[in-house]
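In: With the sequence up front, the predicted model follows.
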Amino acid sequence: MEVEVGFLGLGIMGKAMSMNLLRHGFRVTVWNRTLSRCDELVELGASVAETPAAVVKKCTYTIAILSDPSAALSLVFLVVFDKDGVLEEICSGKGYIDMSTVDCHTLQRSVRVVMQLFFAYLQAITSKGGYFLEAPVSGSKKQAEDGQLVILAAGEKALYDEVLPAFNVMGKNMMNAFSEGLTLADKSGLNPQTLLDVLDLGGIANPMFRMKGPAMLQKSYSPHFPLKHQQKDMRLALSLADDYAVSMPVAAAANESENMKNMLSNAGD
């Protein structure tokens with residue numbers, strides 16, 4: 001393929017997604033704050049850039065995926081706005097796709113802070129002629145490796161259409177939505193039917209049992225996604241529910257259970 005895709009961030013998800021693109025013939029250039037994490041991808045044919053700016057300069061589309069809200073704030077300042085950051089090379093015809101999972105408060109906070117310096121996050125990209133797409137993913141390591149992620153995309157339609165071949169490799173379906181509980185979706189102005197479509201595609205449907213069941217029978221419990229990141233997603237959901245005064249007792253109980261496990265684990269250290 002002629003299009004070259006850049007990847008900023010090579011955690012569990014970013015690494016697996018990059019590998020999928022390489023396996024399907026995409027040219028991929030990667031960057032990570034710890035450059036040694038790029039080594040395995042280099043063996044598969046990826047190129048390594050020493051800065052985010054170098055990735056953007058070389059690639060038509062650049063994807064960023066970090067693990068949590070605090071990391072996403074670092075993304076805004078280090079990866080986008082800092083020296084050798086994305087803004088140094090973003091220009092007309094280049095797309096920037098943020099696949100990080102962040103809460104609305106983190107995004108709003110980063111926008112307010114950055115605007116005091118020069119531009120808001122999205123405005124900074126588009127003001128230089130670049131296209132911006134927010135596309136968080138639903139799924140874990142196994143889905144990322146198998147190209148079965150659900151990609152929840154929102155933003156520049158032209159960029160979405162152009163990057164769709166890469167999305168089709170990384171995910172099994174894409175739609176413009178955020179997923180929460182039906183009541184929460186309704187309260188926050190989302191389309192409940194869209195939520196049902198997303199849930200039907202994801203792990204809450206029977207495919208979760210088909211995927212996890214055989215491994216459980218074999219007593220194979222190798223980690224595919226860090227528990228701390230799972231709980232992070234739970235906290236984001238609870239935070240959004242608080243914003244719209246939606247009661248989510250089951251989710252709150254699950255979150256509290258994980259808090260207790262962490263406390264007991266720390267007490268034993």
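Out: Everything's here; your move. Bear in mind the structure is a predicted one, so any value in this text is a computation, not a measurement.

In: Can you pull the poorly scored residue ranges out of the stretch 1-150 of the chain?
Out: Across the stretch 1-150 of the chain, the ranges flagged by pLDDT under 70 are 1-2, 67-76, 101-120.

In: what about 80?
Out: Along the stretch 1-150 of the chain, the model assigns pLDDT under 80 to residues 1-3, 66-78, 100-122, 138-139.

In: residue ranges of the helices in it, please?
Out: With DSSP state H, counting those that start in this stretch as the definition, the stretch 1-150 of the chain shows helices at residue ranges 12-23, 39-43, 52-58, 69-74, 104-117, 121-126, 141-146.

In: For whichever strand or helix holds A237, C-alpha coordinates in CSV please.
Out: Using DSSP states H and E, A237 maps to helix 227-243. Below are the C-alpha coordinates for helix 227-243, written out as CSV (Å, rounded to 0.1, in the frame of the first residue of the first chain):
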residue,chain,number,x,y,z
LEU,A,227,-6.6,-4.5,35.6
LYS,A,228,-5.7,-0.9,36.4
HIS,A,229,-6.8,0.2,32.9
GLN,A,230,-10.1,-1.8,33.2
GLN,A,231,-10.8,0.0,36.5
LYS,A,232,-9.8,3.3,34.9
ASP,A,233,-12.5,2.8,32.3
MET,A,234,-15.0,2.0,35.0
ARG,A,235,-14.1,5.2,36.8
LEU,A,236,-14.6,7.2,33.6
ALA,A,237,-18.1,5.7,33.2
LEU,A,238,-19.0,6.5,36.8
SER,A,239,-17.7,10.1,36.5
LEU,A,240,-19.8,10.7,33.4
ALA,A,241,-22.8,9.1,35.2
ASP,A,242,-22.3,11.6,38.1
ASP,A,243,-22.3,14.5,35.6
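
In: and the angle from that helix to helix 12-23?
Out: Here helix 227-243 runs at an angle of 110 degrees relative to helix 12-23 (axes from the mean of the first three to the mean of the last three CA atoms, to 10 degrees).

In: how about helix 227-243: buried residues?
Out: 229, 231-232, 234-238, 240-241 (16 or more other CB atoms under 10 Å). Every C-beta, even on glycine, is put in place using the N, C-alpha and C of the backbone.

In: same thing with stretch 131-143?
Out: Of the residues in stretch 131-143, those buried under the neighbour-count criterion (16+ other CB under 10 Å) are 131-143.
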